[in-house]
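Enquirer: predicted model and sequence follow; I will ask about them next.
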Amino acid sequence: MAANPEVGGAPMFESKTIVENAVNSADHTTLVAAVKAADLVDTLNSDGPFTVFAPVNDAFAALPEGTVDTLLKPENKAMLQKVLTAHVVAGDWSAAQIADAARASRDGFYHFNAVSGDALSAQVKGGNVYIYDESGNASKVTIADVDQSNGVIHVVNSVLVPK
C-alpha cells in the first residue's frame, strides 16, 4: 500500500480522522475555519465513512468577494453547513471507483448525491477526475485518495456550490 500524499505541506495519517488531518494542511485553513464555524467538527470526526472533496484556500478565494466572510457569520450557519455538506458523500469512494463508475455510465458521468442532498456528477477527462455541482461548475481533483481513519479526502481546486 502506498503512503498517503502530503497535503498542504503536512503528512496525512491514515490513523487520524478527516478533521485531525485537515487542521495540519496549510492549503485548507479556510475549509477548517468553515467546518468549525458550521459546527461540523464532531460530524467529520465521527466513524463515517465519508468521502470529502476538500477545496483549497485558493478555491475559496476565487469566490465572489465577501462570500466567505458572509458565510462565516453566525446568522448564516445553516447556509454554510449546506455549502460544506455539498462536498461530502457517504461512503469511502476512491478516485478509481468514481472514475470507473463514470466510465461505465451511458453518459460518461457518475451521478450521486452529497450529504446535503445536492446532486453531484463525476467525469473523467484527460486522465483527471472532475466533480460537477448542480450548476455545472467543474472542480478538478488535484490530489486523490488521501486515506483517513473515517474515509477519504480528494483535494479539489474549486468550491462546489449548491443551488
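Expert: Nice, thanks for sending it over. Numbering: from 1, shown residues only.
Enquirer: okay, CA-based contacts and neighbour counts for the rest of this
Expert: Noted.
Enquirer: which residues does the residue most central in space within the chain contact?
Expert: Nearest residue to the geometric centre of the chain (CA atoms, centre = their mean): Phe53, 1.6 Å. Shown here is Phe53, whose contacts under the criterion CA atoms under 8 Å, 6 or more residues apart in numbering are 87-88, 141, 153-156.
Enquirer: any chance of those residues in CSV, plus neighbour count?
Expert: Putting the contacts of Phe53 into CSV (neighbours: other CA atoms under 10 Å) gives the following:
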residue, neighbour count
His87, 26
Val88, 20
Val141, 21
Ile153, 27
His154, 22
Val155, 23
Val156, 24
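Enquirer: which among those gets closest to Thr43?
Expert: For Thr43, the nearest member of these is Val88. The distance, counting by CA to CA, is 11.0 Å.
Enquirer: what sits closest to that closest one if chain neighbours are left out?
Expert: Counting by CA to CA, 6 or more residues apart in numbering, Val52 is the residue found nearest to Val88 once chain neighbours are left out, at 4.6 Å.
Enquirer: and Lys16, by the same measure?
Expert: Leaving out its chain neighbours, the residue that sits closest to Lys16 by CA to CA, 6+ apart is Ser149, at 5.3 Å.
Enquirer: neighbours of the one you found, how many?
Expert: Other residues near Ser149 come to 19 when the count uses other CA atoms under 10 Å.
Enquirer: what does it show for phi and psi?
Expert: Main-chain torsions, Ser149, degrees, to the nearest 10: phi -70, psi -20.
Enquirer: which residues does Glu20 contact?
Expert: Asn45.
Enquirer: from the chain's centroid, how far away is the strand ranked longest in the chain?
Expert: Longest strand in the chain by number of residues, with DSSP state E as the criterion: strand 138-148. For strand 138-148, the gap between its own C-alpha mean and the chain's C-alpha mean amounts to 8 Å (CA atoms, centre = their mean, to the nearest Å).
Enquirer: name the helices or strands packed onto it?
Expert: In this structure, strand 138-148 packs against strand 128-132, strand 151-156, with contacts taken as 3 or more CA pairs under 8 Å, 6 or more residues apart in numbering; DSSP states H and E.
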